[in-house]
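**Q** Coordinates only, no sequence provided:
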């Protein structure tokens, strides 16, 4: 049983409404896509919404961007809940939007920064970053009971990765004070973490395969494959020399999608688990960042670098088309059923 911390659930006073775009969505897809959208910029401060588009074109604004910003939306795999960060209540908080009822809940309460939520595959557990103990640590909410457990055990700075399909293991990365960053696995049953890497170097952005056997991560901006027991760490030499930002495995674990930088340009790449078959999926396009696979792995949503708009494409790079034709900057897509 998780250790219970005080936590407050409230209905947030932000507006949630259904909007219809001035132009119809030019594409159809399966499921729901949530993303951030910038409506207005002023005095160096960016105000943004979280928006959800369903496959039939229905568009719902999940948050109000009035004098506020929202970011990093993350939808559950079944499409029933969206977690995101908002600056409401004069600090950065994590909120959950229920897609069936439209209810919006504030699930964090401390007067500190709390951000970057990450759902477990079954939508029960939510990992998020919090400064509630004075450092940037990872906490895990059981959304069924309200219990919260601290994940990262040392004072320092940590970021969450993704969960295994059995909802039992969270991969994350970060560093204790005065030490180099490392890759970790947290076991939800034993409530313990184990470190997989060692030594110097900037290690970050880790993601584990669905079978829990292999992790992809970045070390000094290069792509590495690491076995889950920490014994074999392989530099993927045919990947771009600079690999950053989000990346993700297919549901079968057969291939990885990620963003790489070559000659000053970001593109979306696909690579097989065995390190072969590297393909630049956006070489013929406007570049690409922040790739996310559809739940059935058939398509990829990504941000076209030069226009800051979300596009969809097949997982082989064909059939590229814009998600919307609205006059707004779009970022951080997340895809659920």
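**A** Yes, it's here. Please read all numbers here as calculations on a predicted model, not as lab measurements. Residues are numbered from 1 along each chain as shown.

**Q** Which parts of the stretch 1-150 of the chain are strands?
**A** 10-11, 17-19, 32-42, 45-54, 59-61, 70-75, 81-86, 93-98, 104-106, 114-119, 125-130, 137-142, 148-150 (DSSP state E, counting those that start in this stretch).

**Q** how far out from the middle of the chain is the fourth one?
**A** Okay, so that is strand 45-54. From the chain centre to the centre of strand 45-54 is a distance of 15 Å (Cα atoms, centre = their mean, to the nearest Å).

**Q** Confidence-wise, which of the strands of the stretch 1-150 of the chain is weakest overall?
**A** Note on the strands of the stretch 1-150 of the chain: strand 10-11 shows the lowest mean pLDDT, a mean of 36.

**Q** So, low pLDDT: which residues of the protein?
**A** Scanning the chain with the threshold set as pLDDT under 70 gives 1-26, 39-47, 64-69, 88-90.

**Q** how about the strands of the stretch 1-150 of the chain in TSV, adding distance to residue 325?
**A** Glycine gets a C-beta too; all of them are placed from N, C-alpha and C. Below are the strands of the stretch 1-150 of the chain laid out as TSV (distance: least, Cβ to Cβ, whole Å):
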stretch	distance to residue 325
strand 10-11	33
strand 17-19	14
strand 32-42	13
strand 45-54	12
strand 59-61	12
strand 70-75	20
strand 81-86	23
strand 93-98	24
strand 104-106	27
strand 114-119	29
strand 125-130	33
strand 137-142	37
strand 148-150	41
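
**Q** Can you say which of the ones you listed is packed in most?
**A** strand 81-86 (a mean of 26; mean count of other Cβ atoms under 10 Å).

**Q** Paired strands for it, with orientation please.
**A** strand 70-75 (antiparallel), strand 93-98 (antiparallel) (DSSP bridges).

**Q** Nearest to residue 173 among these would be which one?
**A** strand 70-75 (16.3 Å; Cβ to Cβ).

**Q** Out of the strands paired with strand 81-86, which is closest to residue 56?
**A** strand 70-75 (16.4 Å).
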